[in-house]
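# Give me coordinates for this.
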Amino acid sequence: MPLNMIIIPVLGSIFLIVLFIAISRSIRKVLKHEDDLRREREEKELELLQAQIDYYNSRKEEKST
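Now for the predicted structure:
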């Protein structure tokens, strides 16, 4: 059995594994970035809601005095 018949499939397999790992890392990176953006948006929404609640409460206190 010639050496080429062993080396080429092995190199091809290694290439496919490396390609799969690279694509997986890229997808994970994108998903993490999307998750970070979602978390940041949710935090800003909570801050806005808290500011609205604080404003409402301060207006309520002004009216009661």
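# Can you pull the phi/psi pair for residue 3?
With angles defined as degrees, to the nearest 10, residue 3 sits at phi -60, psi -30.
# Give the burial count for it, as a bare number.
Residue 3 has 7 neighbours, counted by other Cβ atoms under 10 Å. In this view, the C-beta of every residue, glycine as well, is placed from N, C-alpha and C.
# Offset the numbering so it begins at 42, please.
New numbering, starting at 42: the last item is residue 44.
# In terms of pLDDT, where does it sit?
What the model reports as pLDDT for residue 44 is 71.
# Could you report the distance from it to residue 52?
12 Å (Cβ to Cβ, to the nearest Å).
# Okay, helices next: where are they in this protein?
For the chain, applying DSSP state H gives helices covering 45-105.
# per-residue confidence at the spatially most central residue of it?
Centroid check for the chain by Cα atoms, centre = their mean gives residue 73 as the closest residue, at 2.1 Å. At residue 73, the model reports a pLDDT of 98.
# Equivalent analysis for residue 100, please.
With respect to pLDDT, residue 100 scores 88.
# Give me the number of neighbouring residues for it.
Residue 100 has 10 nearby residues by other Cβ under 10 Å.
# cool, residue 52 as well?
By other Cβ under 10 Å, the residues close to residue 52 number 10.
# Show me the shaky parts of this structure.
42, 106 (pLDDT under 70).
# Kindly recompute the last result at 90.
Residue ranges of the chain with pLDDT under 90: 42-50, 100-106.
# what about the residue nearest to the centre of the chain, distance to residue 81?
13 Å.
# Overlap in contacts, those two.
With Cβ atoms under 8 Å, 6 or more residues apart in numbering applied, the contact sets of residue 73 and residue 81 do not overlap.
# residues near residue 98, how many?
Residues lying near residue 98 (other Cβ under 10 Å) number 10.
# what's it in contact with, if anything?
Applying Cβ under 8 Å, 6+ apart to residue 98 gives no contacts.
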